[in-house]
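Asks: Sharing a model prediction with you, sequence too.
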Amino acid sequence: MAAPVDAPSDAASVKPPPRWRWALEFLALPKIHLAPLRAPVVVPPFGKGRGVLVIPGLLSSDRATALLRASLTRAEFVVEGWGQGINTGARPDEITRLEARLCALAQRCGEPVVLIGWSLGGLYARVLAQRHPEACRLVITLGAPFSGDRRANNAWRVYEALNDHTVDAVPFAEDPAVKPPVRTVAVWSRRDGIVAPQSAAGAEGQADRRIEVPFKHFEMASAKPAVQRLLAILRDELGEP
């Protein structure tokens, strides 16, 4: 297995990325909007019918993860999106439906599945794996603000404007900073304009592996080089040659 890249430290004392980096994120929006129309990334198949549940971030939907999901399907995984329209924030009923979706996919595939959560979706993925470790083989988070100050990002004000709770009082008892009892990989970037790199990488012990990638936040599941890198990480984690 490839050695992890050194992750940044002091997750509890970091600040959101600077505004100029945040502004650069919008250059990636066309890739997200056109994701359903784009040809998948093609790699030698290695999925072997294993299940993958992909969860989008705040103010995005399964449309945003269409390129990633199509690429996973082409690699012969059984792939599910979150299936609940636009993700506007943590709500108990949505988490409950995600739990059911996860367990149904694991039952359908006859084995634990992979959870991939982008940004806010990564927090959901870690919570689901805490609740249902028997249904999860692996959790991969993409730029997810699971560690340290929940305001160390440029999205928390939007989140609070859309919800009846603060980012410090989300409606589930689990702490996303706690590593689930399954293999957990945190993918992060110094070029992230939404989430502080320290929050996405996590502190020592909060993930089994922390991997730096050279992509913007909005590119992590929508740019073809990012999807190619994620497929390589997944192949490595599953022990495929």
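Replies: Cool, got the structure.
Asks: Could you check the pLDDT of the closest residue in space to residue 218 that isn't next to it in sequence?
Replies: Residue nearest to residue 218 in three dimensions, not counting chain neighbours: residue 28, with 3.7 Å by Cβ to Cβ, 6 or more residues apart in numbering. For every residue, glycine as well, the C-beta is placed using N, CA and C. The model reports residue 28 with a pLDDT of 91.
Asks: surely residue 28 meets residue 221?
Replies: No. Assessed by Cβ atoms under 8 Å, residue 28 is found out of contact with residue 221, at 10.4 Å.
Asks: residue ranges of the strands in this structure, please?
Replies: Secondary structure of the chain (DSSP state E): strands at 51-55, 78-80, 113-118, 136-142, 183-188, 209-212.
Asks: could you dump the ones you listed to TSV with mean neighbour count and mean pLDDT?
Replies: Formatted as TSV, the strands of the chain follow (neighbours: other Cβ atoms under 10 Å; pLDDT from 0 to 100):
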stretch	mean neighbour count	mean pLDDT
strand 51-55	27	98
strand 78-80	20	98
strand 113-118	28	98
strand 136-142	26	98
strand 183-188	24	98
strand 209-212	20	98
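Asks: Take those and write them to CSV, including distance to residue 103.
Replies: Below are these laid out as CSV (distance: least, Cβ to Cβ, whole Å):
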stretch, distance to residue 103
strand 51-55, 10
strand 78-80, 11
strand 113-118, 9
strand 136-142, 10
strand 183-188, 19
strand 209-212, 25
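Asks: Specify the beta-bridge partners of residue 138.
Replies: Beta-bridge pairing of residue 138 under DSSP bridges involves residue 114, residue 183.
Asks: Check the spacing between it and residue 90 real quick.
Replies: 22 Å (Cβ to Cβ, to the nearest Å).
Asks: got the residue ranges for the helices in this structure?
Replies: 19-24, 29-33, 66-74, 92-109, 120-131, 156-162, 197-201, 224-237 (DSSP state H).
Asks: Minimum distance to residue 179: which of those has it?
Replies: helix 120-131 (7.9 Å; Cβ to Cβ).
Asks: Run through who's touching that closest one.
Replies: Residues from elsewhere that reach helix 120-131 (Cβ atoms under 8 Å, 6 or more residues apart in numbering): 53-58, 82, 87, 89-90, 95, 98-99, 102, 115-117, 136, 139-146, 155, 159, 170, 172, 174, 176, 178-182, 184.
Asks: quick revisit: please work out how many residues are found near the residue nearest to residue 218.
Replies: Residue 28: 19 surrounding residues under other Cβ atoms under 10 Å.
Asks: give me every residue that touches it.
Replies: 216, 218, 219, 222, 223.
Asks: Kindly recompute the last result at 6 Å.
Replies: By Cβ atoms under 6 Å, 6 or more residues apart in numbering, the contact list for residue 28 reads 216, 218, 219.
Asks: For those residues, which single residue is the most surrounded?
Replies: That'd be residue 218 among the contacts of residue 28, by other Cβ under 10 Å, with 27 neighbours.
Asks: Look up how far residue 119 lies from that one.
Replies: Distance from residue 218 to residue 119, by Cβ to Cβ: 9 Å.
Asks: For the closest residue to residue 220 other than its chain neighbours, give its distance to residue 200.
Replies: Distances taken as Cβ to Cβ, 6+ apart place residue 142 nearest to residue 220, at 4.2 Å, with adjacent residues excluded. In this view, residue 142 and residue 200 are 8 Å apart by Cβ to Cβ.
Asks: Residue 220 contacts residue 226, doesn't it?
Replies: Yes. Contact criterion Cβ atoms under 6 Å: residue 220 and residue 226 qualify, at 5.3 Å.
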